[in-house]
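[1] need a structure here:
(chains A and B)
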Amino acid sequence: MKAYERLMLARGKDRASASDYFSRLFDGFIEMHGDRRFGDDKAVIAGLATFHGKPVTLIGIEKGKNIKERVAKNFGCAHPEGYRKALLQMKQAEKFDRPVICFVDTAGAYCGIGAEERGQGQAVAECLYEMSVLKVPCVTVITGEGGSGGALALSVADEIWMLENAVFSVISPEGCASILWKDAKKAQKAAECLKITADDLLSLKIIDEIISEEGGLEEICKKLDEMLVLFLNKQRKKTVDTLIKERYEKYRNIGRFL
Amino acid sequence: MIRKGLFKWPKNKTEGTPKKANALHSGLPDDICCSCPTCKKTNFVSRVRENLLVCPYCGHHFKMGVRRRIDMISDDGTFNEMFAEIAGRDVLSFPEYQTKKETAQKASGEKEGVVCGVCSVLGAQTAVFAMESEFMMGSMGSAVGERITLLFEYATLNKLPVLGFCLSGGARMQEGMVSLMQMAKTAAAVKRHSDENNLYISVLCDPTSGGVTASFASLADIIIAEPNALICFAGPRVIEQTIRQKLPQGFQRAEFLLEKGFINLICKRAELKELLANILKLHERGGKL
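    Numbers count the residues shown, from 1 in each chain, chains lettered A, B, ... in the order given. A predicted model of the protein is given here:
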C-alpha cells in the first residue's frame, strides 16, 4: 500500500484511539486531569489502571470520536499543559514504580498563540528530557497519526510500536510539500519521500514492532495484550540502570554513521 | 501620461524583497553600503562588520556566521574544533537533498550546520557549539544531532560546561524521522550532562524554532537570547495560517519570551563575552563558600 493511502487510513474518522485501548486492554481506568500549573488539556488523557492485576500509568493523545469531542480535544492537538499533565503522571509512575504505557494519535503539538505563550517548545523538550531517564519501563504505541514533536514528546520509550497503518512523520506531508515544492497538492509525493509508514520506520530502526491490523480492533487488542505481557516481563527483569542505559542507546544510535 | 512599467507590481512574494538583507553574508565587499532592515538607515558594510554585525544606529542584530560568533566570545587562538569529520547521510534518498546540501556547503563554507569544539572565554574553559544559518537554515539533521550529542558526551566526561549558540529552522525534513529523533537524542545527552552537575548555557539567536526549541535550546540551565530574536515552536506564518488571524507586534520575539518567563535574560552582542565569562566563573568547581 502507498504511504499516502496509509496516511489516509491513519487519519480515518472511525479509527480506534487511546480510550478504546484503555477500556479493552486495562481494568478500572481512573482518569487524572490537570497539570497543576495552568489547566486541563483534554487532548491528552492520563490516569491509572490495572493490567493483569498490576497497576500501570496510561497516557494517550487522541482526536475524539464525534464533532463535539473533537472540538473539546482540539482535534488531538495538545497544548503545553497537555504535555505537562503527561509529565506529571510519568513522574508519579516513577515514584510509585508503575510502568508507563502511551497511546499516541495526533497531528502534532498545537500551533497557536496560547500554546506559544505558555512555552510549547519548552513543554515538549521537558518531556523528552525527563522520559529519557524515567526509572520505569515505558512503551509507546502509535495508533494513528504520529505528528512530529507532538508525538515524539511521548515517544522516548524503551520501545516504540506502531499499528500497521499508522504513520509517524517529522512534518505532515502537506506541510513538507508546501515548503519544498510550494504546492500542498504534492503531498502524495512527499508522503512517499518522507518514509512515514511502519515498514519504513522498522527498517530505519526507529520503531521496534509492527502490529498487524487484520481482524479488527478485537484482534489488535489480543495481540497488544500478549506483547505487553512479554514486554513488561522482559523489562521488569532488568535493573533500573540497564533500563535507562538501553533507552539511551536506542536513541543514541539513530543517525550515527560511523 | 503615466509610462507603463515605471512601477511594477511584484510578480510573486519574493520578488523585490531582498531576503538576504538580514544576512549580510561574507561574500559582500566591505566598501559597499547596506540598509538596516529595522531602521532603514544606510551603513557601510565595513562599519556594521566592525560593530559585531550590529546596526550602529538602532542596534539591529544582523545574522552572524558560526566562525565569527565563536571568535567573538572565545579568547584568541583557544578554539579547538571537534567532530568536524562527522557527516550525515541521505538516508531517505530524498529528492534534491544532495544538491541542496552542496549549495549550503558552498554558501556557508561549512560541511554541516553546526560547529563544535572547546575554547576559553576570558580564561574560563568551556565546550561550545554554534549553529550556522547559511546551512539550510541551521536545520537539525543527523550530523547536527550527532555532533551536538558527541559534544555533550565529551563535556560530561571531562566535566566541562557547554555553551551553545542555537539558531535553527527546526528538524531537517529531508532526513525524515531520523532527524526528528535527533531531538530525543540531544535531549537525553543534555540530561546526562546535567545529572553530573555540569552547567549548560544556551544563547538563542534569530531565529530559533521548531525541533531545536523543543529540545536542547530550551533545556539549558541558563537561557540567554539576542535582542529581538525570533524564538518559537511553530513559526509565525504557520500560526497565522492555522488560526487565520494576524499576530500581534513583537509576538515570539526575545522580549516577549522574557516577559512570559521562558528565557532568563537578553544580552547584546557587545556585552555577551563578559557576561558569559562571569557566569562560567561563578560555576567553576571548587572555591565555593
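[2] which stretches of the chain form helices?
    In the absence of a named chain, this looks at chain A. A:3-10, A:18-25, A:67-72, A:80-95, A:113-117, A:120-131, A:148-152, A:173-180, A:187-194, A:198-203, A:216-236, A:240-252 (DSSP state H).
[3] let me rephrase: I mean chain B.
    Ranges of helices within chain B are B:45-50, B:66-73, B:97-108, B:142-157, B:176-195, B:210-213, B:236-243, B:254-260, B:269-282, based on DSSP H.
[4] is the shortest one in proximity to chain A?
    Yes - with C-beta under 8 Å from any C-beta of the partner chain as the threshold, helix B:210-213 lies in contact with chain A, specifically through B:210, B:211, B:213. In short, each C-beta sits where N, CA and C put it, glycine included.
[5] check the closest residue to the first one other than its chain neighbours and give its pLDDT.
    This points to residue B:210. Spatial nearest neighbour of residue B:210, excluding adjacent residues (C-beta to C-beta, 6 or more residues apart in numbering or on different chains): residue B:170 at 2.1 Å. Residue B:170 carries a pLDDT value of 91.
[6] which residues touch residue B:170?
    The contact partners of residue B:170, taken as C-beta atoms under 8 Å, 6 or more residues apart in numbering or on different chains, are B:139, B:140, B:209, B:210, B:211, B:212, B:213.
[7] and the second one, how many neighbours does it have?
    Translated: residue B:140. By the measure other C-beta atoms under 10 Å in any protein chain shown, the count of residues near residue B:140 is 30.
[8] could you do residue B:93 as well?
    Neighbours around residue B:93, by other C-beta under 10 Å: 11.
[9] again with residue A:221
    17.
[10] quick one on the thing from earlier: tell me which of the helices of chain B is the most buried.
    The highest mean neighbour count among the helices of chain B, using mean count of other C-beta atoms under 10 Å in any protein chain shown, belongs to helix B:210-213: a mean of 31.
[11] quick check: mean pLDDT of that helix?
    Here the average pLDDT along helix B:210-213 is 94.
[12] so what secondary structure elements neighbour it?
    Secondary-structure packing of helix B:210-213 (3 or more C-beta pairs under 8 Å, 6 or more residues apart in numbering or on different chains; DSSP states H and E): helix A:120-131, helix A:148-152, strand B:162-168, helix B:176-195.
[13] the last one vs helix A:240-252, what angle?
    Using axes from the mean of the first three to the mean of the last three C-alpha atoms, to 10 degrees, the direction of helix B:176-195 lies 140 degrees away from that of helix A:240-252.
[14] how distant is helix B:176-195 from the center of its chain?
    18 Å (C-alpha atoms, centre = their mean, to the nearest Å).
[15] which other helices and strands does it contact?
    Short answer (3+ C-beta pairs under 8 Å, 6+ apart): helix B:176-195 packs on helix A:120-131, helix A:148-152, strand A:167-169, helix A:187-194, helix A:240-252, helix B:142-157, strand B:200-208, helix B:210-213.
[16] could you do the second one as well?
    With contacts taken as 3+ C-beta pairs under 8 Å, 6+ apart, helix A:148-152 sits against strand A:100-106, helix A:120-131, strand A:138-147, helix B:176-195, helix B:210-213.
[17] so where's the stretch 1-150 of chain A uncertain?
    Applying pLDDT under 70 to the stretch 1-150 of chain A flags no residue at all.
[18] pLDDT score for the residue of the stretch 51-200 of chain B found nearest chain A?
    Nearest to chain A, among the residues of the stretch 51-200 of chain B, is residue B:142, at 3.0 Å (C-beta to the nearest C-beta). At residue B:142, the model reports a pLDDT of 93.
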